[in-house]
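*Asks:* need the 3D shape of this:
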Amino acid sequence: MILKTNDMIHEDCMQCGARLLGRSDKKFCDDGCRNSYHNKRNSNASRVARPVHRNLRLNYTVLSEMIDSGHDQAVLEELTLYGFTEEYHTSSYVNDEGNLVKNVYDVQYRIVKKGRIQFRRISGKRKD
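*Replies:* Residues are numbered from 1 along each chain as shown. Predicted structure coming up:
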């Protein structure tokens, strides 16, 4: 097995160890081995990121559906019944009035009264 990654010399597949034929800079014997190698290498990062992305997507969906149905406020407890989790957002800042404003992509929300949340889309209409 000759494997020199800096100079791109590989005689064996990096995933299964099969002898490589073809180009001198070839690293994998086929697409299946290439995909398996990269999936295995990225699995830890995916395992950590997947639940966060799931919660962000759910928050975005819940707020977007409320906005699309004509609402601009809701009771936070009601939103949690649909799966909304206040802790998951893509960015936040304190506005000029001193209120904490959170964004989930192009949807902005903030607590206006205890237990009540106000939201709006900040980049125009959503394209479906």
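
*Asks:* so where's this structure shaky on pLDDT?
*Replies:* Residues of the chain meeting the criterion pLDDT under 70: 1-10, 124-128.

*Asks:* spatially central residue for the chain, please.
*Replies:* residue 53 (3.7 Å; Cα atoms, centre = their mean).

*Asks:* which SSE is that residue in?
*Replies:* Element membership for residue 53, per DSSP states H and E: helix 31-68.

*Asks:* list the buried residues in that helix.
*Replies:* 33-34, 37, 55-56, 58-60, 62-64, 66-67 (16 or more other Cβ atoms under 10 Å). Every C-beta, even on glycine, is put in place using the N, C-alpha and C of the backbone.

*Asks:* TSV for those, including distance to residue 100?
*Replies:* Shown next, in TSV, are those (distance: Cβ to Cβ, whole Å):
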residue	distance to residue 100
33	49
34	45
37	44
55	19
56	18
58	21
59	16
60	19
62	19
63	16
64	21
66	19
67	20
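
*Asks:* what distance do you get for residue 24 to residue 77?
*Replies:* According to Cβ to Cβ, to the nearest Å, residue 24 stands 63 Å off from residue 77.

*Asks:* quick one on the thing from earlier: name the nearest of the buried residues of helix 31-68 relative to residue 87.
*Replies:* Sorting the buried residues of helix 31-68 by distance to residue 87 puts residue 55 at the head of the list, at 8.1 Å, by Cβ to Cβ.
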